[in-house]
Each structure stands twice: as structure tokens, then as C-alpha cells.
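Novice: what would the 3D arrangement of this be:
(2 chains)
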Number of protein chains: 2
Amino acid sequence: MNRTRIRGRDRQPDSPLADKPFRPLVNPLRPVEMLTPEQLEQIHTASLHILENIGLDFLHEETLAIWQAAGAKVDWATQHAWLDRGLVLEAVAQAPAQFTLYARNPAHNLTIGGNHINFATVGAAPYYSDQERGRRPGTLADFQRMVKLAQLCGPIHIVEGLLVEPQDIPVVYRNLEKGITLFTLSDKVITTAAHGQEVATDYLNLAALVFGGLETIEQKPVILSNVNANSPLRFDERMLSALQVYIRHGQPVIITPFILAGAMSPITMAAAIAQQNAEALAGIALTQLINPGCPVVYGGFTTNVDMQSGSPAFGTPEGGMALLVGAQLARYYGLPYRGSGGLNNAKLPDAQAAYETQMSLWPAVLAQANVVFHSAGWLEAGLVCSLEKFILDVEGLAMMHHFLAGMEITPETLALDAIAEVGPGGHHFGTAHTLSRFREAFYRPIVSDRQNYEAWLEHGGLDAAARAHTIAHQLLNTYQSPSLDPSLAEALQDYVARRKGEMSGRVGE
Amino acid sequence: MNRTRIRGRDRQPDSPLADKPFRPLVNPLRPVEMLTPEQLEQIHTASLHILENIGLDFLHEETLAIWQAAGAKVDWATQHAWLDRGLVLEAVAQAPAQFTLYARNPAHNLTIGGNHINFATVGAAPYYSDQERGRRPGTLADFQRMVKLAQLCGPIHIVEGLLVEPQDIPVVYRNLEKGITLFTLSDKVITTAAHGQEVATDYLNLAALVFGGLETIEQKPVILSNVNANSPLRFDERMLSALQVYIRHGQPVIITPFILAGAMSPITMAAAIAQQNAEALAGIALTQLINPGCPVVYGGFTTNVDMQSGSPAFGTPEGGMALLVGAQLARYYGLPYRGSGGLNNAKLPDAQAAYETQMSLWPAVLAQANVVFHSAGWLEAGLVCSLEKFILDVEGLAMMHHFLAGMEITPETLALDAIAEVGPGGHHFGTAHTLSRFREAFYRPIVSDRQNYEAWLEHGGLDAAARAHTIAHQLLNTYQSPSLDPSLAEALQDYVARRKGEMSGRVGE
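Specialist: As a prediction, the model looks like this:
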């Protein structure tokens, strides 16, 4: 009766995540380090050798000009540059160790650096899947649903703006649709695509509209973008031109070499990491030559190829090692670090999906990765954004939040009086100490079932994925748009409409 | 053709774990510590307060006599003793920090202590389940099958001798059947039950037969047993009388308070750990009063009650914290530590089973738990030994073995020549560096599927649990009994037959 009344038309239904609000996450544990200082120095030295003696391709004339002006040797015919260690390290040293990313809702602002950990959703999945309708190409409706879920889930800090590809929208319009969706359906920090100058400019303009102008966001960064190297040793025009737009206007990018050891680097993890480090340092130095002091993040996304099938392998021990060592390198240079937290090769949100996910989440947390991409929803080597996997992952992230909160040691929590009161062989269910604390005690699971076997059977005998499906829809039923000034909403719509008009001749692209 | 010939009658079929032989495991990472030294000292001090001022029940006259002789205050009427800190800490200080456990096959000997990690199977599950026949009371056939699997799986170091309860065998015969099964079907280190003097004596006698006499094993311990406190603050006659048998004859026990915070201790984790520590120190001190210098292990098995259902909750953030802090305390006292690695409340080997498992496995590994109980096969709060979960867990353990092996940093693995040879934009599939290493490179999964979606569908579209089922049977098909001197086998059979004869009047018990 009471329950029905509370859930009446004047009230939102209770959220299954009501006790898990958004909050910043810090890891108070000492970061886990896999290499000795001497081994780290060997990697560092190898990277400098690569930068100086092997060099990298930069398929973008403006970038080559920047390198040449800074004193690097450039071969314009092959679009190649060799980068002296002094040049690179001096530039890298100008990047800040920590910065704030501003969200539309100030309560959702994030600190990037130190021992702050920020979980981002899956990004860039071409397919979407749920248990109702299976695996299919992503749509705008799927994109919108996932943005809503990311907004609803407290343990998620960042909405990765590539999330799932809205394949029902013409390619040229997609980033505009993503942009307006992100800025209207969520008020958390978002990431945006670094897919060329035009796309980056559109995201920048949308952000400027939302946050009070370009000058404001140049002082207070509001969007984060991921710039991949085309490993080995190459940055392409698309990424570099977007990088220039964002960095010139003070918006941080993550420089992320995407390396599958055995394919895009030598097969040994030491070489993969040395190459990752060379590529990351090159990209980070470039940002500082363009806009000294602009925030930038050292990104690592190194794992291995499966040598039996040739497929990329995710959630592997090698990927876990690479994550730890990458973070150690970022700390060595005084830079924030990006890792990944939900990687796996599973086709279903099953045990494989879960244990491979944990083989990336734990290293990310132990490494103190400041931005953890793909923390929720990633399935099938990143090809699929899965509704159920998203909820299962949010459980994992919420558990990690609780775990890192640690243990409070005070006379009250040591409770020697309660121990004496109950004495040997008794139980503590009814003590005053228990009764005053039991409502808030312990992590409360979202998906995990703790009933006995018979009760579980009576409730349908469902596996975790099936329960996650139900919870996703319960959550979505509680969704409310975050408030947005109607004039701003209109300005965003006008911008998108105008740009679509300008692009309409390119719909076939 | 070739494959068929190799698999002919003269050869065992290839094992799916052929590349994952038994090997000792060390964790080269610095142990993760959750408490500051000051916080640890607070726990220590609280525990001493409990021992001195609250005291414990010891429901066993011989034990009370030992305490009294050592100078403790004993109340014989309530079977209660108060233990001064000096008495306890002096006794605890006599236990060794590290020892060797001897296996029937010397290649399977184990080091218990330091940064050595030893994974044990699930123990004491009343039910067994597999995908073919579902969940049912355990049988001797199930017990035998699981011992074989444990013997076959390289990443498993210890066969937990309680494994799954053979409910088709009369209670009084069960430990005899378990004992002869363990010593004949496996040659790895085993644990045995601490269920009273008679049971402990039988295991000791069987071990003496196998290893060349009681005097030999008194010098070189061969069996490990788990002694639980009946928390709060009580040890019962069954456990204490078994402890005496084992410890007098130099066989190590693990002193493990089993605490569900909120039921068997106050609801706060600080109190749960302080009480755990008091109970563990009491049991450990007792072993040293009985046989100074006898190896003993500090055991932790503290987690929380689910306050919504009253059920024990496993694979929880609180359990993970307790594991880390327990290991920190064991190191503080210079003792080996036992944790648990595969805990969960799932009813099926699904995503919940996997992510909860990882929430106990990672803390166990990071804490450098020297003995990790329940690392493979545990399902449903420990009520079920699951065939499929066992194989899924072995994958997790094998991944952890590989992860902890770390990264080799040498000029050869840094491979600067290969990086230069391929240059920007190329690929490394065909280099000499890759070709000479690809067979041994990277962790090769047991269960994890890395095919693309279409190939996975063609192969049946199976989830990880279904694939694990197939792999379990492929493995079992490769089983061969480890060699055992026929006269020894006969002596074991004679012992069991004689003891069964002596017990035959008690079959109804």
C-alpha cells in the first residue's frame, strides 16, 4: 500500500541505484608498480632512441611545420620527423600533472590526475545488443538510451561520447546528433570525437554555446578527446587536425597509441611498451608546442594479438601488465594517465565477459589510471555495446568504489563493548551497535543475487545477465532530463540545424 | 591425419592445459596494504584487549589445562580462559614465518610463506553440479572426479581434501574414503579434515603409511588442516582435539576464524577484524604451547552478512578489505597467511559468479596470501562444487600465474631493431623477431573465446560455462593415476578396510 503510494504519479519510481549517487573516486592505496626504477629507465631510454633514431610519420603539414619550427629534423617527402630527446622532454615537462574537467552540472566536475579515478562508459561500438532483440547495428535510439543510462548510474563519471554508433543517421550528421544528445540528456563530463578539424570544431562550438563562450572554456576545459596513434609510429591527418583544434582552445586530449603486440609492435611486451611510450611522448610534446601548459593525458591501450587467430585479445594478462607499466611511465613524466577497464572478447555477458573485464579493471584501479575508458558496456572486442553488460559493469564499478573507501578504524568501529556484551558463542543481530548501523552497513548489490537456491528458483532462476536486463529498464524508467536553460537548448538546436543544412549535399558520403 | 595418429591408443589425448604445467607461484609485487601502521597497531591493541579482558571459550579440557599450565586464568565451569598479551605474543613468536609442505610427488612440494601463493580447490561443498545433470547431493564419484581434475590442472597447487561431500557414503566412512582417494588419485599437497581426534588420527596414519612413517612426517609436514574458530570467541572440542593430534605430530594447521560481520561479530569491519585477530592469535599461541616451532598458518575468512536477507555474502568489497588487512596482520606477526580466492553467491557459473570471484581472487593475490582456499569450483555461498566453475576458475588462476610472471626487459625484448625494420605504418606479423617467438608468446586461453562473432556462432554460439563443461571432460579423458608403489596402495587399502571393520557398528551415526 505504502509502496504503491510512494510510486504514484507524483513521484519517480525508486531507482535501483538510489544508494549509489555520483561521487568522486580516489584510490588511497599506494599504486602497484610492476617495474623496478631501473627497468623503467630502460623503457624510457629505448623510447628516446626510437624518437631520435627511428622517428615517426605525421601525415599533416601543419604538424610537420610545428616540429620543424621547434628544431626537429623533418623529411617533407615522407612526412617523417625525428625528435630529439631534449625537445620532447622539455615540451612534455610543460604539461600539468593534474587538472579539472568541468561538467554542465558542477557537482559532476572531475579531477584528472593524482590518485583520482574516473570511470567512462564504453566508446565507439558499431553494434548494440540487448537480450530482447539481440545484436544489431547501433541506432540513435540506442545512443540516446545509453547516454540516459550513463547519466543515471552514479559510479559512472564520464559519458564517452562515441558510445555506440548511430548507424541509422547519415555519417555527416552523426557527430552533430551525438553532440546535442550528450549535452541535453546528460550533465556529466563527456568525451568527444577527434575525427578531423570539422568535427572537432563542431563539438567545440556546441560546448562553447553550453558553457558560456569559447573564452570561458579555454580557461575551464569541458571536453576531453581521445587521439589515437596509428601505430606503429604514425599519426594521421584526421587525428592531428582535430588535436590542433582542441589543444589551441585549451581542451585536453588523451594521446593513446593503440598497440596490439605482435601486429602493430614487436611481439614482446617490453617493445610494445617502449613503442607506446615513444608515440605517447611525441603526441604529448606536440600538444605543448601548440599550447604550452594545456592539459593532456598519457593514454595506454596496449594489449596483444591472439597468435592463434590473429584477433585482438582484450582483458588479457599482457594488457593488465601494459596498463600497470603505462601508468608507471605517466607518473615518471608527471602526467595523468588513461587506461581501460572493461575489456573482453566475450560474445555474451557471461563469465568470460566478467573475468576478462576484471583483468582490466583491477590493473586500471591498482595503477591509479585517472581516466578509465570502456568501464561499462563493452563486449566482443569492443564491437558491441551491451545493455546487460553495462549494468553488470556498473555493479563492478560500484563494488570498487566501496572497496576503495576502505576501513574506518575508531573506538566506535572497533566496538570492544559490543564484543564484550555478546561474549563467546552469541550473535550480534540484536545489539544496539548493530541496530544503529545495519541500514547503512555493507555494500548492497545491484545485480548480485544472495537469496538461497530455493528462493532464487522461485524468482525465476535467472542468471545475472537476465537480471541486469530487468534492472536496466527499471533504471531507465526513473530517467529525468537534467535541467537545461530553454534558450540554450534552442541555441544548440539552431546550431545543429544550420550545420545540417550546410552539410546536406554530403549525405551520401 | 597426423592428429589422429598422435591420438592413437598408445598416446594420451592432448590436454587442453598442456601448456600450463604445475609450477610454484610467487608474487613479485609489493603487497598491497590497506591500513597505515598506526591503524594496524590499533587493531593489534584491540585484539590484545579482547584476549585479556573478554577471553575465549575452549570447549576441551586438555586445552584448558594447557592454558592454565602456561599461566592463563581459567574458569573450568564455563570453560573460559583469559589470555595475557605476553603469554600470547611470546608463543606466537615461536611459529616459523615460512615452511615447506611435502607432496607425494616432490615436484609438487610447496613453500608456505613469504611471497609464495598456493591455490587450493573449493572445500566442503555438500552439493555438486554440472550442466548435464544439474545440482544434486555430492557423491564419492563426484569427489573422485574433482580430485582427478585438481590433479590435472597445473595452476592448482593444493587439493582441498573436503572438496565435495560424498553423501552416498555412510558418515563414519567418509574421511577414510576421502583419504584413500586423495592419496591415490593425486600426488599434490592435500588438506585434511580437523573433525575430531579420531578423524585426524586416521589421516595422520594414512599419511604416515604413504610417506614412510610417523617420524618422517614429523620432520617433513605433509598434510595441512583447517581449524575454524566457532566465532565469536569460541573453539569447540571437535576442532581442538584434531588440532592436538596434528600439531603434536608436526602437521601444520590453519587457524581460521569464520566471521560474518553483523552476525558473529559486530557489524563494523574494524571490529570484525579485531575479533578475527584475537581468535587467530589465541589458536596460533595454543599450537606453539603444544609443539613450539610447529608450522602454523594465520587464516582469515571474514566477510559480511547481507543485512537485507541475513545470508552470508561472499566475494564482497568488505571481504576483499578483510583479506588485505588480515594479511597485513599476519605479516606483522611474521606468519604465513591463508585467504580465499573464488567466493561468490551465484547459483550458476555466470557473470555474477565470475566478478564476485575476482573480488576475492585479486585481494588474495595482492595481499600475498600464501594459501588461497576455494580458488576453483566454489558456487552458491560454498554449498555447491561446480564442474564448470572449476574450469572457469582455473582459467582465472592461469591468467594470474601469467600476469605475475611480469615483463622481461632486455635488449632482445625491447627489440629496437625490429621496430626500426618495420618502421611507421607497417606490421610485425612476418618479422624474424615475431616468427622466432610467436609459439610461446602471450597467455593462451583455456575457455575464453576470441573468434569473431560469425565463427563463434558457427561453433554453436556457446557461453563460457558450456565451453567449460566440454573442456572439463576433455581434461578428464587425459587423466592418468600418478604412480604409487603397489605395496603402499595395498597398505592403504588394508588400513581403510580394517578401520571400516572397526567402525561398522556405527554406520547409522
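Novice: from now on I want contacts and neighbour counts done on CA atoms only, so please keep to that.
Specialist: Noted.
Novice: and the residue nearest the centre of chain A, what does it touch?
Specialist: Geometric centre of chain A, nearest residue: A:Phe373, 2.4 Å, by CA atoms, centre = their mean. A:Phe373 is in contact with A:119-123, A:160, A:338-342, counting by CA atoms under 8 Å, 6 or more residues apart in numbering or on different chains.
Novice: let me have those residues in JSON lines, extended by secondary structure.
Specialist: Listed next are these as JSON lines, based on DSSP: H, G, I helix; E, B strand; the rest coil:
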{"residue": "A:Phe119", "secondary structure": "strand"}
{"residue": "A:Ala120", "secondary structure": "strand"}
{"residue": "A:Thr121", "secondary structure": "coil"}
{"residue": "A:Val122", "secondary structure": "coil"}
{"residue": "A:Gly123", "secondary structure": "coil"}
{"residue": "A:Glu160", "secondary structure": "strand"}
{"residue": "A:Arg338", "secondary structure": "strand"}
{"residue": "A:Gly339", "secondary structure": "strand"}
{"residue": "A:Ser340", "secondary structure": "strand"}
{"residue": "A:Gly341", "secondary structure": "coil"}
{"residue": "A:Gly342", "secondary structure": "coil"}
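Novice: out of those residues, flag the one nearest to chain B.
Specialist: Nearest to chain B among the contacts of A:Phe373: A:Gly342, at 11.6 Å, using CA to the nearest CA.
Novice: what separates that closest one from A:Glu356, distance-wise?
Specialist: In this view, A:Gly342 and A:Glu356 are 8 Å apart by CA to CA, to the nearest Å.
Novice: which of the contacts of A:Phe373 count as buried?
Specialist: The neighbour-count test (16 or more other CA atoms under 10 Å in any protein chain shown) marks A:119-123, A:160, A:338-342 as buried among the contacts of A:Phe373.
Novice: need the pLDDT of the residue lying closest to A:Pro424 once chain neighbours are set aside.
Specialist: Excluding its sequence neighbours, the residue lying closest to A:Pro424 (CA to CA, 6 or more residues apart in numbering or on different chains) is B:Leu233, at 4.6 Å. If you check B:Leu233, the pLDDT there is 98.
Novice: pull the contacting residues for B:Leu233.
Specialist: Counted by CA under 8 Å, 6+ apart, B:Leu233 has contacts A:423-425, B:55-57, B:275, B:279.
Novice: let's go with 7 Å and repeat that
Specialist: By CA atoms under 7 Å, 6 or more residues apart in numbering or on different chains, the contact list for B:Leu233 reads A:424-425, B:56-57, B:279.
Novice: tell me the helix or strand right after the helix or strand containing A:Ala455.
Specialist: With elements taken from DSSP states H and E, the one containing A:Ala455 is helix A:453-458. Going down the chain from helix A:453-458, the next helix or strand is helix A:464-476, by DSSP H and E.
Novice: who are the packing partners of that next one?
Specialist: helix A:387-405 (3 or more CA pairs under 7 Å, 6 or more residues apart in numbering or on different chains; DSSP states H and E).
Novice: close to chain B, is the helix it packs on?
Specialist: Yes: residues of helix A:387-405 are located near chain B by CA under 7 Å from any CA of the partner chain, namely A:399, A:402-403.
Novice: in the sheet, who's paired with the residue nearest to the centre of chain A?
Specialist: A:Ser340 (DSSP bridges).
Novice: how close does it get to B:Trp82?
Specialist: According to CA to CA, A:Phe373 stands 54 Å off from B:Trp82.
Novice: okay, the residue nearest to the centre of chain A: pLDDT?
Specialist: On the pLDDT scale, A:Phe373 is placed at 98.
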